[in-house]
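Colleague: only the shape, not the letters, is given here:
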């Protein structure tokens, strides 16, 4: 997690970046889960949409790859890979996006598949979670660099 904070006796202003894997590791409340879920999928877990319906179908079909969290759940292993790769693949096909965005989502799709393949090819396979598979290490690096190099500014609210 990368943070910059400014505070004085009258106000507080801060900038915080938390990757999905960090957010996942620090889940304490359902509100935390909703923030984590939104950063992965740009929707809330209780929204009525086809994506959430598909994710729930995966949960039902593979209960051994589910980590319960209050009223919500986290997928692991091939279940996490399936939902994330489906998500990124569908984004890569959106005609509303320009070529650069579609290429990015195609790369994310391929990265998720490769991370999962590598985690399963170990002597003792590891079932990575949605947060572990869904974290873009390049974004983590670029955000950290932008904060350290003061390319992202934090100012005092007036």
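Modeller: Nice, I can see it. Fair warning: this is a prediction, and the values are worked out from it, not measured in the lab. Residues are numbered from 1 along each chain as shown.

Colleague: for residue 107, give its distance to residue 91.
Modeller: Distance, residue 107 to residue 91, by C-beta to C-beta, to the nearest Å: 11 Å. (Glycine included, C-beta is placed from N, CA and C.)

Colleague: the two - which one has more neighbours?
Modeller: Under the neighbour definition other C-beta atoms under 10 Å, residue 107 and residue 91 were set side by side, and residue 91 has more, 17 against 14.

Colleague: secondary structure element for the residue lying closest to the more buried one once chain neighbours are set aside?
Modeller: Leaving out its chain neighbours, the residue that sits closest to residue 91 by C-beta to C-beta, 6 or more residues apart in numbering is residue 105, at 4.0 Å. In the assignment (DSSP states H and E), residue 105 maps to helix 99-120.

Colleague: and if you look at residue 74?
Modeller: Residue-wise, residue 74 maps onto strand 72-75 under DSSP H and E.

Colleague: can you list contacts of that strand?
Modeller: 24, 30, 33, 37, 45, 55, 58-59, 62, 65-67, 80, 82-83, 129-131 (C-beta atoms under 8 Å, 6 or more residues apart in numbering).

Colleague: what ranges do the strands span in this structure?
Modeller: Ranges of strands in the chain, per DSSP state E, are 2-7, 12-17, 66-69, 72-75.

Colleague: give me the mean pLDDT for the third one.
Modeller: In this model, strand 66-69 carries a mean pLDDT of 96.

Colleague: chain center to it, what's the gap?
Modeller: 16 Å (C-alpha atoms, centre = their mean, to the nearest Å).

Colleague: in that strand, which residues are buried?
Modeller: Applying a neighbour-count criterion of 16 or more other C-beta atoms under 10 Å, one finds 66, 69 buried in strand 66-69.

Colleague: what is it packed up against?
Modeller: With contacts defined as 3 or more C-beta pairs under 8 Å, 6 or more residues apart in numbering; DSSP states H and E, strand 66-69 has these neighbours: strand 72-75.

Colleague: check contacts around the residue positioned nearest the centre of the chain.
Modeller: In the chain, the residue lying closest to the centroid (C-alpha atoms, centre = their mean) is residue 40, at 3.2 Å. Contact analysis of residue 40 by C-beta under 8 Å, 6+ apart lists 20, 84, 130, 131, 134.
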